[in-house]
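1. A predicted structure for the sequence below; I have some questions about it.
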Amino acid sequence: MQRRIVVALAMAMLLGGCSGLFGPDKEGWRSSQKEAFLKILQEDRYMSLCDKRPLYKRVKESRDSRLMSKLLVDYAENLANGCIDYKAFEASQRAKKEQEIETDYEIYRQKVDREEILRKLKAGLPIEHILQLYVPQNPQFDKLIERYRALQQDTNTSKSTLHKVRLNIERAKIMKPDLGKDYALINVPEFKVRIVENGKTAMKFNVIVGKRNMQTPIFSERMRYVEINPQWNVPDSIMRKSYIPKIMRNPGWVAAKGMELHKDSYDLRSPKVDPASVDWSKYPKDEKGYIPYKLVQVPSKKNGLGRVKFIFPNRHAVYMHDTQAKSLFKRKVRCYSHGCIRLGKPVALLEHVTTHYTDKDMQTVQKWYDSLKTKHLILKKPLMVHTAYFTAYVDENGKLQLFDDVYGFDKSQKLKGRS
């Protein structure tokens, strides 16, 4: 009997590192922490084992504390920063740019502090508490995981559908960690924008996004102001590709489109230039670089940006705006812009933003709108804007929606390890 007790104590010490009997082991693990972590790993609660399955197998078999510490940090890293093979994705992005495809996908990485994780472990904090710092607050993360597990149980689910949902779980991880209390979410493959406030969708409508060779970039920024009756400052890149050939054929095209040409400035007060006086052959469409002449479309009812644009300053020079091409909203696939987001309901969004995010009333803003003069409506309350790329998305009704991979990111974003 005494021998059995000694053997039992020895086994407990071996498996639990003495933690169950005499407190934490040398690595700081307590038996309760080990059991909790192994349970998380067994079900892969946060879908972050990814390429660490071989290490998990070793940990499961040995329960070695040092290996378990390494896996805890690695699991937190995959949880915080995703399981996409970023080297392969970056190589794919470079290849696209070499083909003159404008593309940009910002990945918001978090710092995973190994020493901090181990300090919390040794302090006896629960494993879920340690990992909580790295769990995405994006609502799609939990919703997609729930749908993925349900699909796994359905024998009719195809491998391609499972992979698509799995990949989009990773996309929820790599968006900006703090979406904000209130935000606009533009889901590019869905061609829709949602205004989400306190976790609920306040409004939703169709949008037009960038062409396949001039893709709407994926990123996050805060909306700062709304420009009413905007002028359109044509970027040099669009000048070269689209407009200089037209001007060379017919210099009168500029005035016919309600545009003006200015020397070195988009300021309408700067000196005008006669389009026919410029040697446009110096600025071929297949080259890049600065053009010392600026094409501006003045505010009007025929302006290409429409009557309103929503500005969230960013390095991509992208914004949301009204459009003259209303008929394009009838099409299912809406990749027609130069990268900006064209709005199906710009006036409705203007009213909503005015009412909920500024100190102006709609009566005042309506007068600005009717004046055809450029006015700036400043936001006084935070409203983040996120362009996203969810080809699998759980909507307001809890339904899983699947969308076509319009920019090819489903192909170029590979998962590390087995899904």
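-> Perfect, I can see it now.
2. what separates Leu185 from Gln137, distance-wise?
-> 14 Å (C-beta to C-beta, to the nearest Å). Bear in mind the C-beta positions are built from the backbone N, C-alpha and C, glycine included.
3. Then Lys373?
-> 41 Å.
4. Ok, Ile127 next?
-> Applying C-beta to C-beta to Ile127 and Gln137 gives a distance of 19 Å.
5. Looking at these two, which is more packed in?
-> Ile127 (22 against 12; other C-beta atoms under 10 Å).
6. residues in contact with the more buried one?
-> 33, 36-37, 40, 72 (C-beta atoms under 8 Å, 6 or more residues apart in numbering).
7. Tell me the backbone dihedrals of it, please.
-> phi -60, psi -40 (degrees, to the nearest 10).
8. next one: Tyr266
-> Taking degrees, to the nearest 10 as the convention, Tyr266 sits at phi -90, psi 0.
9. My guess is it contacts Asn233. True?
-> Yes. Tyr266 lies in contact with Asn233 (C-beta atoms under 8 Å); the separation is 4.2 Å.
10. residues shared between the contacts of the two?
-> 294, 296.
11. And Lys57, how far from Asp64?
-> To Asp64, Lys57 is 12 Å away according to C-beta to C-beta.
12. Those two - which one has more neighbours?
-> Shown here are Lys57 and Asp64; by other C-beta under 10 Å, Asp64 has more neighbours (15 against 10).
13. which one is the more buried one nearest to, not counting chain neighbours?
-> Distance criterion C-beta to C-beta, 6 or more residues apart in numbering; nearest residue to Asp64, sequence neighbours excluded, is Arg58 at 7.4 Å.
14. Which elements pack onto the helix or strand where that neighbour lies?
-> Take DSSP states H and E as the rule and Arg58 turns out to sit in helix 53-62. For helix 53-62, the contact count by 3 or more C-beta pairs under 8 Å, 6 or more residues apart in numbering; DSSP states H and E identifies helix 31-43, helix 65-81 as packing neighbours.
15. Make TSV from the ones you listed and add distance to Leu402 and mean neighbour count to it.
-> What follows is the helices and strands packed on helix 53-62, written out as TSV (distance: least, C-beta to C-beta, whole Å; neighbours: other C-beta atoms under 10 Å):
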stretch	distance to Leu402	mean neighbour count
helix 31-43	25	17
helix 65-81	24	20
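16. okay, those in a markdown table with distance to Gly344 and mean pLDDT next?
-> Output for the helices and strands packed on helix 53-62, formatted as a markdown table (distance: least, C-beta to C-beta, whole Å; pLDDT from 0 to 100):
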| stretch | distance to Gly344 | mean pLDDT |
| --- | --- | --- |
| helix 31-43 | 42 | 97 |
| helix 65-81 | 35 | 98 |
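17. Among those, which comes closest to Gln153?
-> The closest of those to Gln153 is helix 31-43. By C-beta to C-beta, the value is 13.3 Å.
18. Please put the alpha-carbon coordinates of the closest one into PDB.
-> What follows is helix 31-43, C-alpha atoms only, in PDB (Å, rounded to 0.1, in the frame of the first residue of the first chain):
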ATOM      1  CA  SER A  31      -1.000  21.400 -13.200                       C
ATOM      2  CA  SER A  32      -4.300  23.300 -13.600                       C
ATOM      3  CA  GLN A  33      -2.600  25.600 -16.200                       C
ATOM      4  CA  LYS A  34      -1.300  22.600 -18.100                       C
ATOM      5  CA  GLU A  35      -4.700  20.900 -18.200                       C
ATOM      6  CA  ALA A  36      -6.400  24.100 -19.300                       C
ATOM      7  CA  PHE A  37      -3.900  24.700 -22.100                       C
ATOM      8  CA  LEU A  38      -4.100  21.100 -23.300                       C
ATOM      9  CA  LYS A  39      -7.800  21.400 -23.500                       C
ATOM     10  CA  ILE A  40      -7.600  24.600 -25.500                       C
ATOM     11  CA  LEU A  41      -5.100  22.900 -27.800                       C
ATOM     12  CA  GLN A  42      -7.200  19.700 -28.100                       C
ATOM     13  CA  GLU A  43     -10.100  21.600 -29.600                       C
END
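19. Which of the helices or strands spans His262?
-> Counting by DSSP H and E, His262 is found in strand 259-263.
20. Could you give the separation of the very next helix or strand once past that strand from the chain centroid?
-> The element immediately downstream of strand 259-263 (helix or strand, assigned by DSSP H and E) is strand 293-297. The chain centre lies 31 Å from the centre of strand 293-297; the measure is C-alpha atoms, centre = their mean, to the nearest Å.
21. Then stretch 280-288?
-> The answer for stretch 280-288 is 33 Å, by C-alpha atoms, centre = their mean.
22. do stretch 207-226 as well
-> 10 Å.
23. next one: stretch 328-346
-> Per C-alpha atoms, centre = their mean, the centroid offset for stretch 328-346 relative to its chain is 18 Å.
24. buried stuff in that stretch?
-> Buried positions in stretch 328-346, judged by neighbour count with 16 or more other C-beta atoms under 10 Å: 328-329, 334-335, 337-346.
25. Please apply the same query to stretch 293-309.
-> 293-299, 303-309.
26. Which of the contacts of Ile127 sits closest to Val406?
-> The closest of the contacts of Ile127 to Val406 turns out to be Ile40 (C-beta to C-beta; 35.6 Å).
27. quick one: contacts for the closest one?
-> Ile40 is in contact with 46, 75, 127-128, 131, counting by C-beta under 8 Å, 6+ apart.
28. tell me the contacts of the nearest residue to Glu260 once chain neighbours are set aside?
-> Distances taken as C-beta to C-beta, 6+ apart put Val296 closest to Glu260, at 5.2 Å, once the chain neighbours are dropped. By C-beta under 8 Å, 6+ apart, Val296 lies in contact with 231-234, 259-262, 266, 268.
29. just the buried members of those?
-> 231-232, 234, 259-262.
30. wait, which of these is closest to Lys87?
-> Val234 (36.5 Å).
31. From Leu144, how far off is the nearest residue to that closest one once chain neighbours are set aside?
-> With sequence-adjacent residues excluded and distances taken as C-beta to C-beta, 6+ apart, Val234 is closest to Leu295, at 4.1 Å. Remark: distance between Leu295 and Leu144 (C-beta to C-beta) = 44 Å.
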